[in-house]
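J.: Below are the sequence and a predicted model; questions follow.
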Amino acid sequence: MKWKIEYSSLYLRKARKILKGDPKLKDIYTEFLNKLITNPLEPSLQTHPLSGSLKGKFACALTYKLRIVFEITDKTILLLNIGTHDEVY
């Protein structure tokens, strides 16, 4: 099953800035999205549930430094935030 991906406005703003600042990330990001729409719990994504104020949401690793926070609904993944560990949590 392929999942549908939606983007929050915050996510889009931050993702554009991050990808513009490091053009090498484009291929990594494309591969990441392909894995995410195929299986958001893919072990290589390091997806894990969050707690505290972000309970009910998930995070995964785009790179060693960059994390993506998202929600999963019936057939949709809503990307909420992207940034370093300290920026997104």
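T.: Thanks, I have it.

J.: CA atoms for contacts and neighbours, from now on please.
T.: OK.

J.: partners of the most centrally placed residue in the chain in the sheet?
T.: Centroid check for the chain by CA atoms, centre = their mean gives residue 68 as the closest residue, at 3.1 Å. Using DSSP bridges, the beta-bridge partners of residue 68 come out as residue 60, residue 82.

J.: got it, and the one 4 residues further on?
T.: Residues found in beta-bridge contact with residue 72 (criterion: DSSP bridges) are residue 77.

J.: Wait, it touches residue 57, no?
T.: Yes - judged on CA atoms under 8 Å, residue 72 makes contact with residue 57 at a distance of 7.4 Å.

J.: Report the backbone C-alpha coordinates of the lowest-mean-pLDDT helix or strand in the chain in CSV.
T.: Within the chain, no helix or strand scores below helix 85-88, which has a mean of 92 by mean pLDDT, DSSP states H and E. The C-alpha coordinates for helix 85-88 follow below in CSV (Å, rounded to 0.1, in the frame of the first residue of the first chain):
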residue,chain,number,x,y,z
HIS,A,85,16.9,17.2,17.3
ASP,A,86,16.7,20.4,19.3
GLU,A,87,14.6,22.2,16.7
VAL,A,88,11.9,19.6,16.4
